[in-house]
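Undergrad: sharing a model that was predicted from the sequence below.
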Amino acid sequence: MGESLRVVVTGGNRGIGRAVAAEAVRRGHRVTILARRPDEGSAAAREIGARLVVGDLSCVRTAWHAAGEIAATVPAIDVLVHNAALWPSRRVLNEDGFEQAFFTNHLAPFLLNHLLEDRLRRVVQVSAGLYVTGKVDPARTPTGEDFHPVKTYATTKLANLLMLPLFAERWREAGVTIDAVHPGVLRTGLGDRGGALGLVLKLVKRTWKPAEHAAPPVADLLAARGTGRYFEESEQVPLRPPALDATLARRLWNDAAQALDVA
Ligand SMILES: NC(=O)c1ccc[n+]([C@@H]2O[C@H](COP(=O)([O-])OP(=O)(O)OC[C@H]3O[C@@H](n4cnc5c(N)ncnc54)[C@H](OP(=O)(O)O)[C@@H]3O)[C@@H](O)[C@H]2O)c1
């Protein structure tokens, strides 16, 4: 068995996060899950043999608090897995005025990376292959003025992925690494909604593999070496053009740093 790592998985109470956390425990790692609902979080933590940090990545205030709770519970983090995310069906603004998915999927990992970077060795970002269909408009996307029930999710994952080379560069000298992974298309609660689209999605999801399918490729990355890489399940692949726009990436980075008051 390899080194036992201290691993933190956000959104570890269900879906892919839970499957990855459980697999990490099976591999001998010391796992802490972050979940926003204490009851569901403690049940999941108990069942998989992980520790629980209760924290909500919905807005600046609660994400700062979550970072503090993580730091207090796991003072030295070997791997932080950013997994928590949502696929919104309608435009909802959080208390800061950000479109909810833009905040949770993109700004929350950005903030946690900054707040926890001194105690981190590695980050694994759970991404999504759909990023290729995203289109970030820095003037409109943060507040969801370009909201679309399918595209917005892809756009938030693209925004998040655009940060990958910049974090890799920022941390290179310190030896902190970051890789991103598309976990596969899997049957989870992601994007569940009512109406006709919800029904279609429900039927389509029946044909998809269960979340556990994501566990080995993501868990393999916990102890991997390398940085700035993107994986489709277990295969390293080059990022496609939408994620290679360095000017857009820098603009998004600066906007996020200013909005979140981090340097
Ligand atoms: N499923 C797929 O086919 C697929 C494909 C590509 C990429 N992904 C990625 O895989 C990751 C996990 O998705 P999933 O499919 O497992 O989705 P899921 O079943 O909907 O789980 C999402 C997780 O994120 C948590 N979460 C959402 N908002 C949060 C918040 N404000 N604070 C804290 N936790 C929050 C949820 O907590 P609650 O239980 O409290 O809501 C839940 O634990 C996401 O990054 C997603 O983009 C999934």
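TA: Structure's in. What do you need?
Undergrad: check contacts around the one residue in the chain that gets nearest to the ligand.
TA: Nearest residue of the chain to the ligand: Gly15, at 2.3 Å (C-beta to the nearest ligand atom). C-betas here are computed from N, CA, C, even on glycine. When contacts are counted by C-beta atoms under 8 Å, 6 or more residues apart in numbering, Gly15 touches 186, 188-190, 211.
Undergrad: ok, of those residues, which come out buried?
TA: 186, 188, 190, 211 (16 or more other C-beta atoms under 10 Å).
Undergrad: Ala219: which of these is nearest?
TA: Nearest to Ala219 among these, counting by C-beta to C-beta, is Ala211 at 12.6 Å.
Undergrad: just the pLDDT at that closest one, thanks.
TA: Looking at Ala211, its pLDDT reads 95.
Undergrad: now it: how far from Glu23?
TA: Distance, Ala211 to Glu23, using C-beta to C-beta, to the nearest Å: 11 Å.
Undergrad: go on, Phe102?
TA: 29 Å.
Undergrad: Asn94 too?
TA: 31 Å.
Undergrad: next one: Gln125
TA: Gln125 is 17 Å from Glu23, by C-beta to C-beta.
Undergrad: on that earlier part again, any chance of a markdown table for the buried ones among the contacts of Gly15, columns distance to the ligand and secondary structure?
TA: Putting the buried ones among the contacts of Gly15 into a markdown table (distance: C-beta to the nearest ligand atom, whole Å; DSSP: H, G, I helix; E, B strand; the rest coil) gives the following:
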| residue | distance to the ligand | secondary structure |
| --- | --- | --- |
| Leu186 | 4 | strand |
| Thr188 | 3 | coil |
| Leu190 | 3 | coil |
| Ala211 | 6 | helix |
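Undergrad: those residues: which two are farthest apart?
TA: Taking C-beta to C-beta, no two of those sit farther apart than Leu190 and Ala211, at 9.5 Å.
Undergrad: so where do the helices sit in this protein?
TA: Ranges of helices in the chain, per DSSP state H, are 15-26, 38-48, 60-73, 100-101, 108-116, 151-162, 164-171, 195-205, 215-220, 246-260.
Undergrad: run the chain-centre distance for the first one.
TA: Here helix 15-26 is found 14 Å from its chain centre; the criterion is C-alpha atoms, centre = their mean, to the nearest Å.
Undergrad: what angle sits between it and helix 38-48?
TA: Counting by axes from the mean of the first three to the mean of the last three C-alpha atoms, to 10 degrees, helix 15-26 lies at 40 degrees to helix 38-48.
Undergrad: pull out the buried residues from helix 15-26.
TA: 15-25.
Undergrad: centre of the chain to the worst-scoring helix or strand of the chain on mean pLDDT, how far?
TA: When each helix and strand of the chain is scored by mean pLDDT, DSSP states H and E, helix 195-205 comes last, with a mean of 92. When distances are taken as C-alpha atoms, centre = their mean, helix 195-205 is centred 24 Å away from the chain's centroid.
Undergrad: which residues touch it?
TA: Residues contacting helix 195-205 (C-beta under 8 Å, 6+ apart): 89, 149, 187, 191-193.
Undergrad: if we can go back for a sec, which of the buried ones among the contacts of Gly15 lies closest to Leu52?
TA: Ala211 (18.9 Å).
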